[in-house]
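Chemist: Following is a predicted model, sequence given first.
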Amino acid sequence: MELTLSELAEHLQAQLEGEGGTTIRGVAPIESAGEGEISFIANPRYARYAAVTRASALIVSFDFRGEARVPLLRVANPYLAFQRVVQLFHPEAIRLPAGIHPTAVIDASARLGREVAIGPHVVVERGARIGDRTQLFPGCYIGPEVEIGEDCVIYPNVVIRERVRIGKRVVIHAGAVIGSDGFGFAREGEVYRKIPQAGTVVIGDDVEIGANCCIDRATLGETRIERGAKLDNLIQVGHNVVIGENTVVAAQAGFAGSTIVGRNVMVGGQAGFAGHMTIGDGALISAQSGVSKDIPPGCRVFGYPARPAEQALREEAALRRLPELLKRVRELERLVQELKAKTEGDGHGNP
Amino acid sequence: MELTLSELAEHLQAQLEGEGGTTIRGVAPIESAGEGEISFIANPRYARYAAVTRASALIVSFDFRGEARVPLLRVANPYLAFQRVVQLFHPEAIRLPAGIHPTAVIDASARLGREVAIGPHVVVERGARIGDRTQLFPGCYIGPEVEIGEDCVIYPNVVIRERVRIGKRVVIHAGAVIGSDGFGFAREGEVYRKIPQAGTVVIGDDVEIGANCCIDRATLGETRIERGAKLDNLIQVGHNVVIGENTVVAAQAGFAGSTIVGRNVMVGGQAGFAGHMTIGDGALISAQSGVSKDIPPGCRVFGYPARPAEQALREEAALRRLPELLKRVRELERLVQELKAKTEGDGHGNP
Amino acid sequence: MELTLSELAEHLQAQLEGEGGTTIRGVAPIESAGEGEISFIANPRYARYAAVTRASALIVSFDFRGEARVPLLRVANPYLAFQRVVQLFHPEAIRLPAGIHPTAVIDASARLGREVAIGPHVVVERGARIGDRTQLFPGCYIGPEVEIGEDCVIYPNVVIRERVRIGKRVVIHAGAVIGSDGFGFAREGEVYRKIPQAGTVVIGDDVEIGANCCIDRATLGETRIERGAKLDNLIQVGHNVVIGENTVVAAQAGFAGSTIVGRNVMVGGQAGFAGHMTIGDGALISAQSGVSKDIPPGCRVFGYPARPAEQALREEAALRRLPELLKRVRELERLVQELKAKTEGDGHGNP
């Protein structure tokens, strides 16, 4: 694959600055890009590389003002343009060839769509349905009555337990577990009685779920990951949680049971949510935050316990000054005692 | 399955308020329950639903005083009663049929109890023993000389390494790893020498271990999860840790090596424990706490570093007021300087 | 295996104090060691056991001054000496027998070294290469064109995706996922477009990776775990991260995309790193820290957000005194008002 920079500008609807005849044969990170490769600047941290990169061209935003030694393609959203360029040069992830490997164990009552790809040692239990062109990589377990839509990619050793329903174009990374029992025990004296977890998990279209995530089934009803939500690796989603449409969750975050997360929420890595919380649409939850109260729509929170970001930052800044404040108060106490002694002296006619 | 409310009241030894002839055909969460379904209120957050639910009846506590539009069953512990009702209407999780799937690889020296169920692609290594009626779901690995008791459920793709011993009625969710090497390296100059992890893991009766948990084997001796302990998903248990009887641990908590946790302890999600700590019986460790000191029995701790909850909450409340305190101290300093100027003026006869 | 204490002293180049003829048949933790077993004290927390242990001998440091009732072996580094003793008495972890199990599915184009051991239900895809004596335990997935060096141990159900390259003597624990897609999506309106993750993962010699870890492949280029690094369980390593040589990372830590960690760094459990950070060689990151700024070489940081440990500890200590400080300031305000009233009275001639 080889394009001129002019051709690429047209493909991206970008504004070209510099030599349009430059040949582009690949895409690379700005630090390591070389001759014939295009790179991009989306994060201002990387602007300083513009002057020194060995890339043959750069994608930048319309308002990029850094010094650059190479031709530029200006666009509104450099990261999105980068996505398109990567897709152009790396068109397709590795696909599992269509067909059913002879070592897969498929129950006779399972229904398989057209051109499904089922790898070695996969198990598909009774009554499961697999949509057209869906790929089940080696070692996956698809439980009884599971439904998986069209064009899904289920990577190796994923476990999807009974009755879970999965939409179209869903990607589930290796080792994830969907539909494990919710964590519910009722105490009776010193021991705990397990509450049967009779509900299920429903995953919408275009969801992506990271490696080794755990999505628990509902006690009753459904745990839901709604359309377009993206979950990074090692995330815990408790029973009856709802993750709204196009919400993005970074790695190792955790949601306790029955918490409802709105649409277009962004959740930072290792953030934790108590159970039964409601998180409004468009909220921003910073990394490692501990959310123990409802969060209104659009609110940005931070810290443990999570509180509005401006407040948390103000408190953090104040905390930095606390050791010095202790000294200042000690000095004030000394001065006030001195003044008091003097004033009382004055009051009684003794200096 | 269909019962009258009177029959259900008798089954639960509940006090019936309202029409005993009401037919109950299922159980559902209070927000979504409809005609013919019973629901419950254990958490006061949900009391407001009592007036609007479409459920046909509600289980509530003896002291519930909310307004309700449907018949009530009053009990001492509504959550426990709910557990029984769920069990009544959803009597049995999906069972793996007894028998050994032909694709399972069982060493000739392994000893299998009566009515064991061993799914496709399971591996049982030499000298392993599997108790009566235990289910090994597809893709599990049972290492050499592992012992598993009666009536256990080992979900798909669980890995249990050599010599681990597991009691009766233990449930291990998908993807969990039991008996991985403890994390021990001795530094020699710049490099690390691995300390062979020659110990094992012992898991007591009635323990439940969540999906993708990791329980490391002891360096020497045993890592122990004692009878009745319940672990949620994605938990890390380091080498030589002991988790006491009926202790409950929420998701993503982590225990560094050699920490000893007592009985009836409750550990919140994402809490972390340094190594070599001792946590007393009945302690309560809040979510995301960072425990770096021993915790006395019955103590409730919170925060990072974890400290007694009342103290931590007092400090947190004070922190909320810190930005304002800075201003107040600045004002005090100004006033004191003014007073000082005046007083000194007074002292020297100059106004 | 049975040695005299003199023989053991010679093996460890230790200084013997006490009866050299004592027979040693094993090694055990100090609390549980008995007749014929040797134990050790590396952590001062355990010094108090020296007077009461039932071990037949103890390994201690040259400067250990505790009271001991048994013969001692004094060495510079007791933990390292312990490592050697454990290795002596527990010479070899369980090995998978060499050979290829008939249920393994090996692509004809894969190249296998001498004496490789490939367990049941392993999948090795086209073009993969496995080094001499490497062990692939049951249920592993080795993707297309993966390279694994000599003498590696890949425990059950590990997933290694396409084109990942792994050095020699690498140990990967059960359930780990190497080469899952990096988490990269470009927003277009309300929806997210996946950025193809076209890079890979490179793992150096002598690396150890814990159970259920996730190491994401680079978007472009490489995610790298360099020679001798040791990762505990359930760790998240994002796309394009670099973990330097001999760096040690405790369980459940997480690194967001493009963060570069130097050599000989120590990272505590559950610590989190924002993306695009640079962590200097020899830095110490305490458990649960949240790193959102670059960390200079050799710096020890603590807290959320992570800051130099001395500063953080000073601030933490001050925070403990904050509730009391609030009271002191209130008292100061009262006193100053009193003084002001008096002084103003004085100033105007009215008492």
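Modeler: Okay, I see it. Numbering: from 1, shown residues only, chains lettered A, B, ... in the order given.
Chemist: And what about A:Val301, helix, strand or coil?
Modeler: Of the three states, A:Val301 takes strand according to DSSP: H, G, I helix; E, B strand; the rest coil.
Chemist: Rounded mean pLDDT for the lengthiest helix in chain A, please.
Modeler: Using DSSP state H, we find that the single longest helix of chain A is helix A:322-347. What helix A:322-347 shows for mean pLDDT is 85.
Chemist: does it come close to chain B?
Modeler: Yes. Among the residues of helix A:322-347, A:Leu322, A:Leu325, A:Arg328, A:Val329, A:Leu332, A:Leu335, A:Val336, A:Leu339, A:Lys342, A:Thr343, A:Asp346 lie within reach of chain B under C-beta under 8 Å from any C-beta of the partner chain. All C-beta spots, glycine's among them, are computed from the backbone N, C-alpha and C.
Chemist: Those: which ones sit near chain C?
Modeler: Applying C-beta under 8 Å from any C-beta, the subset of the residues of helix A:322-347 next to chain B adjacent to chain C comprises A:Leu322, A:Leu325, A:Val329, A:Leu332, A:Val336, A:Leu339, A:Thr343, A:Asp346.
Chemist: Rebuild those residues as TSV, extending it with distance to B:Ser39 and neighbour count.
Modeler: Shown next, in TSV, are these (distance: C-beta to C-beta, whole Å; neighbours: other C-beta atoms under 10 Å in any protein chain shown):
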residue	distance to B:Ser39	neighbour count
A:Leu322	49	21
A:Leu325	52	20
A:Val329	55	19
A:Leu332	59	20
A:Val336	62	23
A:Leu339	67	22
A:Thr343	69	23
A:Asp346	75	16
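Chemist: now these in a markdown table, with distance to B:Gly199?
Modeler: As requested, these are exported to a markdown table (distance: C-beta to C-beta, whole Å):
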| residue | distance to B:Gly199 |
| --- | --- |
| A:Leu322 | 45 |
| A:Leu325 | 50 |
| A:Val329 | 53 |
| A:Leu332 | 58 |
| A:Val336 | 63 |
| A:Leu339 | 68 |
| A:Thr343 | 72 |
| A:Asp346 | 77 |
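Chemist: and which of those residues is nearest to B:Asp281?
Modeler: For those, the minimum distance to B:Asp281 (C-beta to C-beta) is 35.8 Å, reached by A:Leu322.
Chemist: Tell me who's in contact with the closest one.
Modeler: Counting by C-beta atoms under 8 Å, 6 or more residues apart in numbering or on different chains, A:Leu322 touches B:Leu322, C:Glu315, C:Ala318, C:Leu319, C:Leu322.
Chemist: Identify the farthest-apart pair in those.
Modeler: For the contacts of A:Leu322, the maximum inter-member distance is 11.0 Å, found between B:Leu322 and C:Glu315 (C-beta to C-beta).
Chemist: where does chain A dip in pLDDT?
Modeler: Where chain A drops to pLDDT under 70, the residues are A:91, A:345-351.
Chemist: And it, what are its domain boundaries?
Modeler: Residue ranges for the domains of chain A, per automatic domain parsing: A:3-89, A:99-310, A:321-351.
Chemist: and of these, who's closest to C:Gly290?
Modeler: domain A:99-310 (4.5 Å).
Chemist: Okay, helices next: where are they in chain A?
Modeler: Counting by DSSP H, chain A has helices at residues A:5-12, A:78-89, A:309-320, A:322-347.
Chemist: ok, now which ones touch A:Asn212?
Modeler: A:173-177, A:233-234, B:175, B:212, B:234, C:175, C:177, C:212, C:214, C:234.
Chemist: at 10 Å instead, please
Modeler: A:157-158, A:173-177, A:233-235, A:251, B:175, B:211-212, B:233-234, C:159, C:175-177, C:180, C:211-214, C:234, C:236 (C-beta atoms under 10 Å, 6 or more residues apart in numbering or on different chains).
Chemist: Skipping its backbone neighbours, what lies nearest it in space?
Modeler: A:Gly175 (4.3 Å; C-beta to C-beta, 6 or more residues apart in numbering or on different chains).
Chemist: what does the stretch 51-200 of chain A have sitting close to chain C?
Modeler: The stretch 51-200 of chain A has residues A:77-94, A:96, A:101-103, A:119-121, A:137-139, A:153, A:155-158, A:169, A:171, A:173-176 near chain C, with proximity defined as C-beta under 10 Å from any C-beta of the partner chain.
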